[in-house]
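Chemist: prediction below, plus the sequence it came from.
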Amino acid sequence: MFQGLADRLTKAFDKLTKRGILTESAVDETMREIKIALLEADVALPVVKTFIQKVKEKAIGEQIVKSISPSQMVVKIVHDELVNLLGVSAPLNLIQYQQNVVLMVGLQGSGKTTSSAKLARRLKKEGKKVLLASLDTYRPAAQEQLSELGEKNDLSVLPIIKHENPIEITKRALKTVKEELYDVLILDTAGRLHIDDKMMQEVQKIRDLSSPKETLLVVDSLMGQDAVTVAKEFNEKIGITGLVLTRIDGDARGGAALSMREITGVPIQYLGVGEKADALEVFDANRIAERILGMGDVVGLVETAMEKINQEEAMNTAERMMSGRFDLNDMLSQMRQISNMGDIKGVMKMIPGLSKMQDKIEAAGIDNKMILRQQAIILSMTEKERKNPDLLKASRKIRIANGAGVSVSDVNRLLKQYEQMASVMKKMKKMNPFGMMGMLKKMGGMSALKGMMGGHSMPDMNALQSMMGKNGAPDMAELEKMMGKGGMPDMSSLSQLLKRK
């Protein structure tokens, strides 16, 4: 969502870092570029003016002049002000041993129903007994949609009774929650294509009847400045306690996220990052600010790996690799683990510095389809060939290429990548005869990696110096070692990068 804004800000900071001395005129020029970048990202003008004023006051202060790296201090100031602008997201105000109501409100098409199911799934994983109820009796099949989502994700949904109005459904849901001792009731209210008095009056009645602990406004981030108007209206007439931004994996400019928190004064609680039931992230201002400034999101990367990757399988594969034993079955296992993490382009954006290289990543054709093609090549081999790639001579390569629907050059490219990775594994074995993965196991496995991140902060950037070039972008030679030529990322190399001190 923030890619356009991130690109503009990165260019502004690149110009700044090239200056030996930071003058007030240089700061003014950078502030102008940041202002234009924010306005083009659909950030509200009053918010932009306040933001620029705060940054400029700090940027031309005494602290910036005395700092060793003035340009980096400006980046840090912008980062800190972005965090302040986005605000801190507090946990939902759910009281233990009570029936808590969460009211989901918003316009039609914003993603309320899907977000309600995602939230229910998340709360269930946290150990809460959750009931979903659809109050949308206007949109065709809206109630059936929630029931279907509940069935797919093993969630409790209030049964549908035809011809009941939203107030009657609310009363029945509250009675069910009390009788069956549910911890949380999520009410999915009806929306309209635009704000009108009839909708607001109905939501007000439901609010007064249910006394919700949380009233979450679900907003489509693709709405741009209209989203700010919607948030303001709902806050004034209903009284919202939090925001849920949906479709942030799309091409929205990001201004709504930066404006709504400032204008409404309520926190962004969750981000919808995809269509799947688990694609709901807790909002973290620090990590969003780091993504906007091209710093990546190592914490998010590790958390995604911990959730989506089979840790036991990954640990066994990594241990084999560290001991110098690495065949095409291990490579296939790595590919499958990476595919489980979701969109490979999204994963790569979490790696610090790679946001500056999106055009090169696009040109290299690195995507999930490429990984699927590589998996098809390996699956077209016999078990014996996977364990002993030296058997793969010309005639066998032709058979494999035909079986996978690719060219022989594609097969050769994958085998060359395998050879490079196998060579790295052998070198790592010589460097560490005691086995780094054994050490990692003793430290707590994958959770140890998260611990190295320092909570939600960025890792020590000195740890990335061997990969980063002088201008802060990744060194291409190091990147090639990690990626392979047009190939998949080597998660083992990434683990090593994160472990370096």
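Modeler: Good, I have the coordinates. Worth saying up front: this structure is predicted, and the values here are computed from it rather than measured.
Chemist: got the contact list for V203?
Modeler: Taking CB atoms under 8 Å, 6 or more residues apart in numbering, we find V203 in contact with L103, V105, T189, I238. For every residue, glycine as well, the C-beta is placed using N, CA and C.
Chemist: what is the nearest of these to E168?
Modeler: Sorting the contacts of V203 by distance to E168 puts T189 at the head of the list, at 14.1 Å, by CB to CB.
Chemist: circling back: buried members of the contacts of V203 into ChimeraX, please.
Modeler: To isolate the buried members of the contacts of V203 in ChimeraX, using 16 or more other CB atoms under 10 Å:
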select :103,105,189,238
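Chemist: so which of the contacts of V203 are in strands?
Modeler: Residues from those lying in strands, with DSSP state E as the criterion: L103, V105.
Chemist: what's the most distant pair in the contacts of V203?
Modeler: Between all members of the contacts of V203, the longest pairwise span (CB to CB) is found for T189 and I238 and amounts to 9.7 Å.
Chemist: now do the shared contacts for the two.
Modeler: Common neighbours of T189 and I238 are listed as V105, V203 (criterion: CB under 8 Å, 6+ apart).
Chemist: what's around N93, how many residues?
Modeler: Applying other CB atoms under 10 Å, we find 12 other residues in the vicinity of N93.
Chemist: related to what we said a few turns ago, adding distance to R121, write the contacts of V203 out as a markdown table.
Modeler: Compiled in a markdown table, the contacts of V203 are given as follows (distance: CB to CB, whole Å):
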| residue | distance to R121 |
| --- | --- |
| L103 | 18 |
| V105 | 20 |
| T189 | 19 |
| I238 | 25 |
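Chemist: got the contact list for S134?
Modeler: By CB under 8 Å, 6+ apart, the contact set of S134 is T113, A142, Q143, Q145, L146, S147, V157, L158, I160, I169, D188.
Chemist: quick one: the closest residue to Y138 other than its chain neighbours from G242, how far?
Modeler: In space, not counting the residues next to it along the chain, Y138 is nearest to A190; the distance is 5.1 Å by CB to CB, 6 or more residues apart in numbering. As judged by CB to CB, to the nearest Å, A190 and G242 stand 20 Å apart.
Chemist: any low-confidence regions in the chain?
Modeler: Residues of the chain meeting the criterion pLDDT under 70: 1-3, 17-22, 61-71, 249-254, 294-324, 341-367, 427-501.
Chemist: all strands of it, in order?
Modeler: Assigned strands in the chain, in chain order: 100-105, 130-134, 156-157, 184-188, 214-220, 242-246, 268-272, 280-282 (criterion: DSSP E).
Chemist: wait, K124 touches G150, no?
Modeler: No. Counting by CB atoms under 8 Å, K124 sits too far from G150 to count as a contact (10.8 Å).
Chemist: neighbour count winner among these two?
Modeler: Comparing K124 with G150 by other CB under 10 Å, the one with more neighbours is G150, at 21 against 17.
Chemist: can you tell me which residues contact that one?
Modeler: Under the criterion of CB under 8 Å, 6+ apart, the contact partners of G150 comprise A117, A120, L132, S156, V157.
Chemist: likewise I95?
Modeler: K213.
Chemist: what does it show for phi and psi?
Modeler: I95 has phi and psi values of phi -90, psi 130 when expressed as degrees, to the nearest 10.
Chemist: would you mind measuring from it to V184?
Modeler: When distance is defined by CB to CB, I95 is 10 Å away from V184.
Chemist: how about K152?
Modeler: Computed with CB to CB, the distance linking K152 and V184 is 19 Å.
Chemist: how about stretch 83-91 as PDB, C-alpha atoms only?
Modeler: Extracted as PDB, the C-alpha positions of stretch 83-91 are listed here (Å, rounded to 0.1, in the frame of the first residue of the first chain):
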ATOM      1  CA  VAL A  83       5.200   6.600  14.400                       C
ATOM      2  CA  ASN A  84       3.600   9.500  16.400                       C
ATOM      3  CA  LEU A  85       1.200  10.200  13.400                       C
ATOM      4  CA  LEU A  86       0.100   6.600  13.100                       C
ATOM      5  CA  GLY A  87      -0.300   6.200  16.800                       C
ATOM      6  CA  VAL A  88      -0.100   3.300  19.200                       C
ATOM      7  CA  SER A  89      -2.600   0.400  18.800                       C
ATOM      8  CA  ALA A  90      -3.900  -0.800  22.200                       C
ATOM      9  CA  PRO A  91      -5.300  -4.300  22.700                       C
END
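Chemist: list the buried residues in that stretch.
Modeler: Buried residues in stretch 83-91 (16+ other CB under 10 Å): V83, L85, L86, G87, S89.
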